[in-house]
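Q: Got a predicted structure plus its sequence, pasted below:
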Protein chains: 2
Amino acid sequence: MRRINHNLHPELHEKWPQASLSEKLLQFRQLPLSDAQEFFLELSTKDQYEIISQMPEGEQTVWLRILDPDDAADLVQVASNEERDHFIGLVDDNTRDDIQALLKYREDVAGGLMSPRFARVRPDMTVSEALTYVRKQALEATETVYVVYVLDAMQHLLGVTSLRTIFAAEPYQIIRDIMRTRPVKILEDTDQETVSRLFAEHDLIAIPVVDADNRMKGIVTIDDIVDVVEEVATEDIQKMGGSSALGAPYLKLSLMDMLKKRAGWLTILFLGEMLTANAMSQFEDEIAQAVVLALFVPLIISSGGNAGSQASTIVIRAMAVGELRLSDWWRVMHREIFTGFMLGAILCLIGIARIVIWQHFFHTYGEHYWLIAATVGITLLGIVLWGTVAGSIMPFILRRVGFDPASASTPFIATLVDVTGLILYFSVASLILRGTLL
Amino acid sequence: MRRINHNLHPELHEKWPQASLSEKLLQFRQLPLSDAQEFFLELSTKDQYEIISQMPEGEQTVWLRILDPDDAADLVQVASNEERDHFIGLVDDNTRDDIQALLKYREDVAGGLMSPRFARVRPDMTVSEALTYVRKQALEATETVYVVYVLDAMQHLLGVTSLRTIFAAEPYQIIRDIMRTRPVKILEDTDQETVSRLFAEHDLIAIPVVDADNRMKGIVTIDDIVDVVEEVATEDIQKMGGSSALGAPYLKLSLMDMLKKRAGWLTILFLGEMLTANAMSQFEDEIAQAVVLALFVPLIISSGGNAGSQASTIVIRAMAVGELRLSDWWRVMHREIFTGFMLGAILCLIGIARIVIWQHFFHTYGEHYWLIAATVGITLLGIVLWGTVAGSIMPFILRRVGFDPASASTPFIATLVDVTGLILYFSVASLILRGTLL
């Protein structure tokens, strides 16, 4: 957690992304020291690293030491292996231990997000003793003193209180009597999506992280979670758009990396979509006999794809924010079968109207235009219903077998629906047009 | 802002969404009063409203009065007009004024998110005076006492400090000397996306809201923003999937509302997609002469659509999180032309290989199979490049003319690329196959 800060230099922040590395260092060094400190703490980890990596060792020590251990650990993780050891060598012994403990965790679990420096008191302290004790911790590099954890001598988490509560209590009261027991807490390996879900549900400003024996290891604070919530949504959105999660800001990703993230899924989808050529070739004779059938192929498959995109997107997001669980699949089916049928009926009517009106004005479709209209209309009803159902059930299936539901991307559903939709279309056509056009 | 709380009844929260209204009220009334209060504050506004609306007036008064004014205002906004006046009549005069002031703001601007109850001190107070004064405010219904605002007698915002800073300072120091000037602040009508962007960039726990004369009106706290960040991402995702933003949880939306939100865009896309039938009918003769051309139509248009989906999704999200501005469009073009060309080249090679291999084993495509392969390959290169460029530039165009870039949804781009892609395909075919198949 960076401390409360107040953006002393909005104009500098503004110009920052466009500035070259040497300009950044120059501008940074021109700031008065107190402003520079404030500004430095406000920078993203990558920007902090860029600045620090260009400095002589003496300066590096200063700036590394003003960082909280969790932020310093983040910075060290951005560095190359060689620099990593160099940076760790520059901080004081306590911080070094903290950083090394933090580096053991994956970046996307509670242990990787937490800070080990939280405010603590003992259960048998009086309010007045606790105030003095917390004040001492406020002078040190404590993450936040606003939430205060009550630990026994073995570091077991007994309860939690807030500076506000202590502040408002009478001096002679005992912490044990004013603390809350049974706090929301998380294990070190809880993944960050669960952590952010807890923050969203409970409006907490910090959540304690404990090990399997309920010994307190650190706290995750809400300001770190705002970034996580955005990051998780970004990853989901990128997957839903049919690429791998980029994992870096758009303009910072090298062109080769960008290509790698995108080519994989695009190729897989392309291979899947090749089945449409196989499906179509099964009906080559029908197309040759009634070329008019080919004219509606793009309209039909894209309608199925669009309906599927809508449904899968809505369901994936509802699952991601916790509105839908696996066990809700049957309720979702009920709703989507109705919705898909109604949407299909709407497009069916518009499609039939389109053909009949065109025939009226341009005589494009010949004497059997009503049969063509019926073929297109029935197929539209079927494919929109099918696209909607497939798009809404696929995220459930993916989660059930252990994949990320967001992989049921728009293009993935569209590809699935394209192939099956073609078979549906030509089957309907065979039934309705047999003996007339076919 | 709900106060720090610790989920005393996880099992009750768990069962809550499935319970009927009367079950909820029954369970709620069985809780000991202190637990019930804790539980009530943790509930969403809608759940709070559901419970309160079923109570007799005496009970309603109790529960309405324990809410902070911003939360009470949210609850009042959910109620019908008639209930609204009734509820406002039940609270004390101060809160009534606060609620009525808050109701004037739109829900999605800073004024609608803020709480009017913040901790304040005067610049000429000593640290020891300020501590006593803030302690008094901690006993009242102050939103947070952790960030303390320094105001003059006219309520102008002069600076900001934190309880931590006051706490750690010497008793005789003057607030003016320890406060920070030039805080990050926002106007009452700042929209919520800008507010959440500020929180993400600056790691603040609260941001002050001022009017045009720099008079302080309230604060927005970070826990309210976690919800906003999720809500904004959800709206974007739903639009990108080709429907209107749903504006309510999936299972809470009535089937008719669900249909309305989805039918509109689906119909518009369908009308757009009808142009593919027009485009195809221009090439009816070509299809009749070389039915083999029709077989690759779905493969080609979907490849363009998938490439466009990827590009538009990535660019829309990068714009939403502030990585890309309007002025970056030219840099994005550079990157996307390269990426699109490379992706197109990959699919082009796979497509050609597919046709050549199939010919080798099944002799499907006749003696001119190399010409067919060339037609399909060149079209794939072109359509993937075009889809990528169109998908990445469209969000910039939409924002430039004042629309939401997220409306450049996956299906919208796919539809655009489908129509133009067909024209490209048959034009390439005419050029390459003239004199042989055509």
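A: It's in. Residues are numbered from 1 along each chain as shown, chains lettered A, B, ... in the order given.

Q: Could you report the neighbour count for A:T161?
A: Residues near A:T161, counting by other CB atoms under 10 Å in any protein chain shown, number 23. The way it works is simple: take the backbone N, C-alpha and C, and place the C-beta from them, glycine included.

Q: Find the helix or strand that it is a member of.
A: When elements are assigned from DSSP states H and E, A:T161 belongs to strand A:157-162.

Q: And the contacts of the next helix or strand after that strand?
A: Elements were assigned by DSSP H and E; along the chain past strand A:157-162, the next helix or strand is helix A:163-168. Outside helix A:163-168, the residues within contact range by CB atoms under 8 Å, 6 or more residues apart in numbering or on different chains are A:119, A:127, A:130-131, A:134, A:145-148, A:175, A:178, B:4, B:134-135, B:138-139, B:145-146, B:163, B:167.

Q: How is chain A partitioned into domains?
A: Using automatic domain parsing, the domain ranges for chain A come out as A:10-104, A:119-224, A:250-433.

Q: Quick check: phi and psi at the residue of the stretch 301-438 of chain A found nearest chain B.
A: As assessed by CB to the nearest CB, chain B sits closest to A:T313 within the stretch 301-438 of chain A, at 2.5 Å. Dihedral pair for A:T313: phi -60, psi -50, per degrees, to the nearest 10.

Q: How about A:E50, nearest residue that isn't a chain neighbour?
A: Excluding the flanking residues, the one nearest A:E50 by CB to CB, 6 or more residues apart in numbering or on different chains is A:L21, at 6.1 Å.

Q: where along chain A do the strands fall?
A: A:119-121, A:147-151, A:157-162, A:186-187, A:206-210, A:216-221 (DSSP state E).

Q: Compare these and give me the one nearest A:Y425.
A: Distance to A:Y425, taken as CB to CB, is lowest for strand A:186-187 among those, at 51.4 Å.

Q: Surely A:T388 touches A:L347?
A: No. Taking contacts as CB atoms under 8 Å, A:T388 lies outside contact range of A:L347: 11.2 Å.

Q: that older thread, mind checking how far the residue nearest to A:E50 is from A:M55?
A: 12 Å (CB to CB, to the nearest Å).

Q: of these two, who's got more company?
A: A:M55 (16 against 11).

Q: wait, what's in contact with the more buried one?
A: A:25, A:63 are the contacts of A:M55 under CB under 8 Å, 6+ apart.

Q: tell me the pLDDT at it?
A: On pLDDT, A:M55 comes in at 85.

Q: quick one: stretch A:373-390 to chain centroid distance?
A: Distance, stretch centre to chain centre, for stretch A:373-390: 33 Å (CA atoms, centre = their mean, to the nearest Å).

Q: correction: stretch A:242-259
A: Remark: stretch A:242-259 is offset 15 Å from the chain centroid, using CA atoms, centre = their mean.

Q: Identify the residues contacting it?
A: Residues contacting stretch A:242-259 (CB under 8 Å, 6+ apart): A:46, A:234-235, A:238-239, A:261-262, A:264-266, A:269, A:409-412, B:306, B:309-310, B:313-315, B:318, B:323-324, B:328, B:331-332, B:335, B:338-339, B:342-343.

Q: Okay, buried residues for that stretch please.
A: Using 16 or more other CB atoms under 10 Å in any protein chain shown as the test for burial, stretch A:242-259 gives A:242-246, A:249-250, A:253, A:258-259.

Q: Just send the domains of chain A back as JSON lines, with distance to B:D98 too.
A: Formatted as JSON lines, these follow (distance: least, CB to CB, whole Å):
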{"stretch": "domain A:10-104", "distance to B:D98": "31"}
{"stretch": "domain A:119-224", "distance to B:D98": "19"}
{"stretch": "domain A:250-433", "distance to B:D98": "30"}
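
Q: Tell me which of the ones you listed sits most buried.
A: Among the domains of chain A, ranked by average contacts under mean count of other CB atoms under 10 Å in any protein chain shown, first place goes to domain A:250-433 (a mean of 21).

Q: and the end-to-end length of it?
A: 51 Å (CA to CA, to the nearest Å).

Q: per-residue confidence averaged over it?
A: The model assigns domain A:250-433 a mean pLDDT of 90.

Q: Kindly report the same for stretch A:175-187.
A: Rounded mean pLDDT across stretch A:175-187 is 91.

Q: Can that stretch be said to contact chain B?
A: Yes. Contact of stretch A:175-187 with chain B (CB under 8 Å from any CB of the partner chain) involves A:180, A:182-184.

Q: Touching that stretch from outside, list them.
A: Applying CB under 8 Å, 6+ apart, the contact partners of stretch A:175-187 are A:110, A:121-127, A:130, A:150, A:157-161, A:165-166, A:169, A:194-195, A:198, A:202, A:204, A:207-212, A:214, A:220, B:6-8.

Q: end-to-end on it?
A: End to end - CA to CA - stretch A:175-187 spans 25 Å.

Q: residues contacting the residue lying closest to A:L343 once chain neighbours are set aside?
A: Spatial nearest neighbour of A:L343, chain neighbours left out: A:V384 (5.2 Å); criterion: CB to CB, 6+ apart. Contact partners of A:V384, counting by CB under 8 Å, 6+ apart, are A:303-304, A:307, A:340, A:343-344, A:347-348, B:266.

Q: picking up where we left off before, looking at the domains of chain A, which is closest to B:L67?
A: domain A:119-224 (13.0 Å).

Q: Thank you, goodbye.
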